[in-house]
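> turn this into a model:
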Amino acid sequence: MIRFYKSKGWKYILVIIFSGVTYLSLAQVNHWETAIFPHDTCTYHVGNTAPDSNWRLQGFDDSGWQRGPGGCGYGDGDDGTLISATLSVYVRYRFAVSDMTLITQAVLHADYDDGFVAYLNGVEIARANIGARGIEPPFNQPSDGGHEAVMYQGILPEEFVIDSLLLSNTLTTGENVLAIQVHNQSITSSDLSGNFYLSVGLSDAGKYYQDVPGWFKPPVIFTSSNLPLVFINTFGRFIQDDIRIAAQMGIVDNKDLGRNYLTDSLNNYDGRIEVEYRGSSSSGFPKRSMRLETQDSLANNRNVGLMGLPPENDWVLYAPYTDKSLMRNILAYKMGEWTGHYAPRTKLCELMLNGSYEGIYVLTETIKRDSNRLDIAELRPQDISGDQLTGGYIFKFDRVDYLGSWKSRYLEIPGWIFWTAYQLVYPKPALMRPEQFNYIKDYVHEFETAVKEGDLEGPGSRYGQLVDEMSFVDFFIVNEVSKNVDGYRLSTYFYKEKISKGGKLHAGPLWDFNLGFGNADYCEGNLTTGWAYRFNSVCEAGVPFYWEKIRGSERFVSLLKDRWKELRQGKFHTDSLMSYIDSVANVLGEAQERNFKKWAVLGTYVWPNAYVGNTYQDEVNYLKRWLRLRLDFLDREIEKMEPVYDYQALVNFTPQIYPNPFTETIRIKFALTRTSNVYMDVYNALGQRVYATGLGTHKTGYNEVSWEGNNDFGHPVPPGTYFIRLMKDDSRIASARVVKN
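Purely as a prediction, here's the structure:
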């Protein structure tokens, strides 16, 4: 039985069913050859005028066209034939097929500037960055935007797999024509180019064409996966950076059945999206991450639950490329979740983009204010006073983005190559009122000032009043376990709730750990020893000053030791972490083989790999080995960790006496620059001493003592005014007038 399946926005797929089992109609490929190289002889027409309407057809008489090597263009030095400046050029390549039944697969590789449409015997087979599929652009239509050719930079061309059914219905025995129209983004553009390779999969061992280029890899062809399958169709439009384009997305996710077939109905999502490329240092990789928004047919936001994740409309398809374990982000976010804080949830999947296999991707929740994500208060434009003004805010410390950014008054980092700043994430900068921007900016400055001045010790400190201390401890732990070279200084998120809901500043959620866990060869990121928060001492890392100051406080050290012990007895136990890594690797077992056929990076250095394994298992083993050693280091170092005191801060510290007035107990917080014996005297309003005691030896740093309101005999003193004097070996520490109610 033969069936044709079609879903909204998708091409027909030929499926043959035998005894209830579904197979793609794909014959075995014996080997690949290239029928057309870019600089093969072609005929061409410079698009100063429209070509004949039949120009792309097999039987068109092109004897009136110019003739020369292909790759017609100008500007980049990669052209076979130089032409004058133009908005378009039309190219025809002829090639012979002795027996069309021997060609079972075909792929077009394109390196172009700026857009193109390719036809095989008059039928469209590929398009990028110009117009809508099926509509031939006129000669004077510019491309949809800029697109740089990449092969002259040492980067591989884009791959367009030709649909097998279309190939069998279009290719003929005898002469065939590959016709291509290349379009520039403007007549004044400095470059235009189009270099195309047509390669075919042959079913026998015969020699018919030329050897494939050295960089050629056969397209990955498969029928099913244990991972969900994501299909994105841009209808020939090129996905751009920071400019979303409309596209169609479908997802096959047979959770209960265990297998997802390319021919299955789109049962998890089938609808419109807008999509753009994302990433900073990763933007130069051929495998690109994407940010997408699910929408209804009218382009309105549409909240949907993809692959079992809670409903929302903003998502990231993260592309692990330099991370050859394919799981560093997944692992870090899971560790964040285990600490009890919100962290982005993830789902592994495989992506087909415009019919071409793109490998393993990680569907990831974006960091966003939402009841299903970071569940903090909504901050509306009218919320400009009172409790409503005090939350919720989401911002990050990252490379500067001028809209909604502010630079710390304390962060001057000589030589730091990136100008880093705080950047508002929510509310959107364009919608933020000045009162809101100034509020969060001033709050962060107050936090930084408290740390700068060393007011860090205890819940009564300004630091303790301003921040959620455990969120900073847990954020510190995950960044240090991973030794994330981007930790603390890039993609570092914070959020703040309203005062009525606690009102404190939180560190997190976690984001971007692909260069963690030993995957970076700079800033000592490969070493299992050393501290990420101290990267400024080993390279110009740009870690904000307050992380080292916070780490040096007694309060933080105490909380860190207790929390580390608790986590290491639970989810952060070495055996638990190793088991989790193995479970992810097991899920990736079959799909990783396809991924690394598509992206042949195993055994090859990809910036900034600190380790290069020859197999996927090598990469997983390295991750596990590195993590074991890192955990051992942290076990030793956290156990013996001591506070680090700022001598000048100790000298300048003003003793705190609270509460005053008091009813039963009054506390005195003070600082010592060296270990000393401490004494207390208490006098009544008549100058009579009512209480005197030695308080023992107190260590360097911040200390706290108390008076229970008793006299020397242990009886409560009556209400009234008293004078407390606190002394150390050779001088007075503090004195104050207090009132007992």
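> and the pLDDT for H715?
H715 carries a pLDDT score of 95 in this model.
> need phi/psi at it.
Main-chain torsions, H715, degrees, to the nearest 10: phi -90, psi 150.
> that one: neighbour count?
10 (other C-beta atoms under 10 Å). For every residue, glycine as well, the C-beta is placed using N, CA and C.
> do L257 as well
Neighbours of L257 using other C-beta under 10 Å come to 9.
> got phi/psi on it?
The phi/psi pair for L257 (degrees, to the nearest 10) is phi -90, psi -20.
> got it, and the one 4 residues further on?
The phi and psi torsions at Y261 (degrees, to the nearest 10) take the values phi -100, psi 150.
> would you mind measuring from it to S224?
Note on Y261: its distance to S224, by C-beta to C-beta, to the nearest Å, is 4 Å.
> and what of G236?
27 Å.
> what's the answer for Q153, then?
For Q153, the distance to S224 - C-beta to C-beta - is 36 Å.
> okay, helices next: where are they in the protein?
All helices of the chain, identified by DSSP state H, fall at 164-170, 328-338, 434-452, 462-466, 469-482, 545-551, 554-568, 574-587, 591-598, 616-639, 647-652.
> ok, and for the fifth one, which residues are buried?
Of the residues in helix 469-482, those buried by neighbour count under the rule 16 or more other C-beta atoms under 10 Å are 469, 471-482.
> repeat for stretch 355-373
Neighbour-count burial for stretch 355-373 [16+ other C-beta under 10 Å]: 355-370, 373.
> quick check: buried residues in stretch 63-73?
W65, G70, G71, C72, G73.
> which ones among those residues map onto strands?
Applying DSSP state E to those, the entries found in strands are C72, G73.
> could you find the closest non-adjacent residue to the most centrally placed residue in the chain?
Per C-alpha atoms, centre = their mean, the C-alpha nearest to the average position across the chain is that of D512, at 4.5 Å. With sequence-adjacent residues excluded and distances taken as C-beta to C-beta, 6 or more residues apart in numbering, D512 is closest to S491, at 4.0 Å.
> my guess is the one you found contacts W511. True?
Yes - between S491 and W511 a contact is recorded at 4.6 Å, counting by C-beta atoms under 8 Å.
> what is in contact with those two at once?
Counting by C-beta atoms under 8 Å, 6 or more residues apart in numbering, the contacts common to S491 and W511 are K396.
> more neighbours: the two, which one.
W511 (22 against 18).
> the more buried one and N176, how far apart?
50 Å.
> domain assignment for the chain?
27-202, 372-571, 647-740 (automatic domain parsing).
> can you give me the end-to-end span of the longest one?
Going back to what we said before, that points to domain 372-571. 23 Å (C-alpha to C-alpha, to the nearest Å).
> average model confidence for that domain?
Domain 372-571 comes out at a mean pLDDT of 92.
> distance from that domain to the middle of the chain?
Centroid separation for domain 372-571 versus its chain: 17 Å, with C-alpha atoms, centre = their mean, to the nearest Å.
> what does stretch 78-94 give?
For stretch 78-94, the distance to the chain centre is 39 Å (C-alpha atoms, centre = their mean).
> buried stuff in that stretch?
78-81, 83, 85-94.
> on that earlier part again, so between Q153 and S224, which is more surrounded?
Each of Q153 and S224 has its neighbours counted (other C-beta under 10 Å); S224 has more, 18 against 11.
> check contacts around that one.
R259, N260, Y261, L262.
> now, among the residues you listed, which is nearest to G201?
L262 (17.6 Å; C-beta to C-beta).
> distance check, the closest residue to that closest one other than its chain neighbours against T188.
Distance criterion C-beta to C-beta, 6+ apart; nearest residue to L262, sequence neighbours excluded, is T223 at 5.9 Å. For T223, the distance to T188 equals 48 Å [C-beta to C-beta].
> these two: which has the busier surroundings?
Neighbours were counted for T223 and for T188 using other C-beta under 10 Å; T223 has more, 13 against 8.
> relative to G355, how far out is the more buried one?
15 Å.
> if we can go back for a sec, for the domains of the chain, which one sits closest to P286?
domain 27-202 (6.1 Å).
> and the most far-flung residue of the chain relative to its centre, how close does it get to P661?
For the chain, the largest distance from the centre (C-alpha atoms, centre = their mean) belongs to L686, which lies 68.3 Å off. Distance from L686 to P661, counting by C-beta to C-beta: 19 Å.
> equivalent analysis for N703, please.
For N703 relative to P661 (C-beta to C-beta), the value is 23 Å.
> and the two? which has more neighbours close in?
Using other C-beta under 10 Å, the more surrounded residue of N703 and P661 is N703, with 18 against 11.
> give the contact list for that one.
For N703, counting by C-beta under 8 Å, 6+ apart, the contacting residues are K669, F670, A671, L672, V678.
> what sits opposite it in the beta ladder?
F670 (DSSP bridges).
> report pLDDT for it.
88.
> and if you look at K699?
The model's pLDDT for K699 equals 86.
> that one - nearest residue in space that isn't next to it in sequence?
T675 is the one closest to K699 (C-beta to C-beta, 6+ apart), at 5.1 Å.
> how close does the residue nearest to D512 sit to P509?
10 Å.
> could you do Q105 as well?
44 Å.
> between the two, which is the more surrounded one?
Neighbour totals were compared for Q105 and P509, and P509 leads with 24 against 21 (other C-beta under 10 Å).
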